[in-house]
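Visitor: give me the fold of what follows.
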Amino acid sequence: MKNIIETFYQAFAALDAETMTSCYDNDILFNDPAFGTLKGEKAKNMWKMICQGQKGKNFIVEASNIEYDSSKQTGSVHWEAHYVFSQTGKKVHNIIEAKFEFKNGKIIRHIDTFNIHTWAKQAMGFKGYILGGTNFFKKKLNAQTNQLLKEFEKINT
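Guide: Numbering: from 1, shown residues only. Presented below is the predicted three-dimensional model:
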């Protein structure tokens with residue numbers, strides 16, 4: 001399953017959402033601080049939206065420390081993303097730890113964790129510095145990202 005994680009992040013670096021989502025089970029459960037919990041097609045569509053939005057931009061993904069435990073069918077990876085946040089034009093260097101669970105050769109659970117306050121300071125400047133560590137900010141961010149996903153799905157599915 002280590003190769004599934006490697007394939008996923010190689011595809012992400014190439015902004016190849018189709019290959020990325022082929023690593024996911026149809027009942028995938030994804031969670032991160034920006035989107036909250038997404039299941040199934042919503043999780044797959046999130047990656048499609050991200051990849052489509054970053055094409056032609058200076059987007060960089062670097063994955064390292066890929067680990068897999070065959071006895072537990074779990075894995076993990078450290079990954080970093082470098083990009084420009086489209087809403088503000090500010091550069092972001094996000095540092096993420098990901099955990100995976102596998103079943104039948106596919107990822108069934110993918111949990112990304114990162115410091116939302118650090119991300120907010122980079123992506124939004126002073127406003128993110130002040131509000132980025134609050135639950136209010138996280139809820140508002142989840143609502144906004146999910147609304148963007150809903151709009152993407154209307155156009156692209």
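
Visitor: report the buried residues of the helix or strand that contains N146.
Guide: Using DSSP states H and E, N146 sits within helix 135-156. Residues F137, K138, L141, N142, T145, N146, L149, F152 are the ones in helix 135-156 that count as buried (16 or more other C-beta atoms under 10 Å). C-beta coordinates here come from the backbone N, C-alpha and C atoms, glycine included.

Visitor: for stretch 29-46, which outside residues touch it?
Guide: 17, 21, 24, 26-28, 96, 108-114, 116, 119, 138, 141-142, 145-146, 149, 152-153, 156-157 (C-beta atoms under 8 Å, 6 or more residues apart in numbering).

Visitor: picking that back up, ok, the buried residues of helix 135-156 vs I4, which is closest?
Guide: Comparing these against I4 with C-beta to C-beta places L149 closest, at 23.7 Å.

Visitor: model confidence for Q122, exactly?
Guide: On the pLDDT scale, Q122 is placed at 97.

Visitor: can you pull out the strands in this protein?
Guide: Under the criterion DSSP state E, strands of the chain are mapped to 24-32, 36-39, 60-69, 74-85, 90-103, 106-113.
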